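1. coordinates only, sequence not included:
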């Protein structure tokens with residue numbers, strides 16, 4: 001009787017060990033299935049190559065997904081180590097097969113994530129390019145209005161100050177034009193050409209006005225000197 005009880009206990013222990021092993025196998029399979037399902041869902045999200053409404057937010061969301069993809073990679077490596085520690089049975093063969101699928105799916109996800117980031121960064125680059133073009137166009141429009149306006153200086157001092165300011169604009173114009181060449185935008189090229197023409201016309205007007213004021217100033221000085229000489233002559237004669 002004692003012999004039978006010992007046999008039964010050994011059977012129960014063996015069954016318990018087998019059941020524990022199967023439970024571990026099932027837990028690992030369930031975890032892998034759950035990860036695989038989540039990765040497939042994200043894979044479908046990465047297939048969407050459309051432009052997000054807010055590119056910066058899209059890049060932030062992409063960064064969050066990349067962290068999740070990296071986390072899955074760590075989990076897969078942990079599962080791989082756990083499976084390697086299992087005794088070699090038919091059950092572990094099932095785990096190895098599922099692990100292979102998981103690795104393949106993860107690598108596909110890593111590649112898709114990289115492609116999506118490149119797309120988003122290209123969208124951001126185009127957005128920034130457009131913003132730079134629009135900013136430059138606004139600056140050109142503002143300066144062209146100034147260049148096309150009349151010269152309102154009332155004296156030589158005011159005109160010389162305007163001339164100095166205008167030459168400073170010319171230097172700024174040259175610098176901005178050089179920077180805009182990297183943008184390679186036809187609108188900017190035409191707009192800068194038009195602004196250069198307007199700048200040169202105003203430069204000519206300012207130069208003419210300065211010279212006119214200088215001639216007038218010289219004439220006044222000569223007239224004053226002549227009157228002073230006449231007064232001195234009259235004074236000496238008397």
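-> Perfect, I can see it now. It should be emphasised that the depicted structure is a prediction, and the values quoted were computed from it without experimental measurement. Numbering: from 1, shown residues only.
2. contacting residues for the most centrally placed residue in the chain?
-> Taking CA atoms, centre = their mean, the centroid of the chain lies closest to residue 124, which sits 4.7 Å from it. Neighbouring residues of residue 124 by CB atoms under 8 Å, 6 or more residues apart in numbering: 55, 56, 59. Where C-beta positions appear, they are placed from N, C-alpha and C, glycine not excepted.
3. that one: helix or strand, and which one exactly?
-> helix 90-147 (DSSP states H and E).
4. that helix - what's its average pLDDT?
-> What helix 90-147 shows for mean pLDDT is 92.
5. distance from the helix or strand following that helix to the middle of the chain?
-> Once helix 90-147 ends, the next helix or strand along the chain (criterion: DSSP H and E) is helix 156-180. On the basis of CA atoms, centre = their mean, to the nearest Å, helix 156-180 sits 31 Å off its chain's mean C-alpha point.
6. residue 94: neighbour count?
-> 13 (other CB atoms under 10 Å).
7. repeat that for residue 30.
-> Number of residues near residue 30 (other CB under 10 Å) recorded here: 10.
8. name the SS class of it, please.
-> Residue 30 falls in the helix class when you classify it by DSSP: H, G, I helix; E, B strand; the rest coil.
9. ditto for the one 4 residues further on
-> The three-state assignment at residue 34 reads helix, by three-state DSSP.
10. what about it, neighbour count?
-> For residue 34, using other CB under 10 Å, the count is 10.
11. cool, and the one 10 residues further on?
-> One way to gauge burial is a neighbour count; for residue 44, by other CB under 10 Å, it gives 10.
12. helix or strand for it, which one?
-> Going by DSSP H and E, residue 44 is part of helix 2-46.
13. what's the next helix-or-strand element following that helix packed up against?
-> With elements assigned by DSSP H and E, the helix or strand that comes after helix 2-46 is helix 55-84. Other helices and strands packing on helix 55-84, by 3 or more CB pairs under 8 Å, 6 or more residues apart in numbering; DSSP states H and E, are helix 2-46, helix 90-147.
14. tell me the mean pLDDT over helix 55-84?
-> Here helix 55-84 scores 93 as its mean pLDDT.
15. and that helix with helix 90-147, angle?
-> Helix 55-84 runs at 160 degrees relative to helix 90-147, counting by axes from the mean of the first three to the mean of the last three CA atoms, to 10 degrees.
16. quick check: buried residues in helix 55-84?
-> Using 16 or more other CB atoms under 10 Å as the test for burial, helix 55-84 gives 55, 58, 62, 65, 69, 72, 76, 79, 83.
17. between those residues, which sits nearest residue 175?
-> Distance to residue 175, by CB to CB, is smallest for residue 55 among the buried residues of helix 55-84, at 28.9 Å.
18. show me the contacts for that closest one.
-> So, once contact is read as CB under 8 Å, 6+ apart, residue 55 ends up touching 120, 123, 124, 127.
19. which of the residues you listed lies closest to residue 103?
-> For those, the residue nearest residue 103 by CB to CB is residue 120; the value is 26.0 Å.
20. wait, that closest one touches residue 52, no?
-> Yes. The pair residue 120 / residue 52 is scored as a contact, 7.5 Å apart, by CB atoms under 8 Å.
21. close enough to count as contact, residue 69 and residue 108?
-> No. Contact between residue 69 and residue 108 fails when scored by CB under 8 Å: they sit 10.7 Å apart.
22. picking up where we left off before, in CSV: the helices and strands packed on helix 55-84, plus distance to residue 167.
-> Output for the helices and strands packed on helix 55-84, formatted as CSV (distance: least, CB to CB, whole Å):
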stretch, distance to residue 167
helix 2-46, 55
helix 90-147, 13
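23. so which of those is the most packed in?
-> Among these, helix 90-147 has the highest mean neighbour count (mean count of other CB atoms under 10 Å), at a mean of 15.
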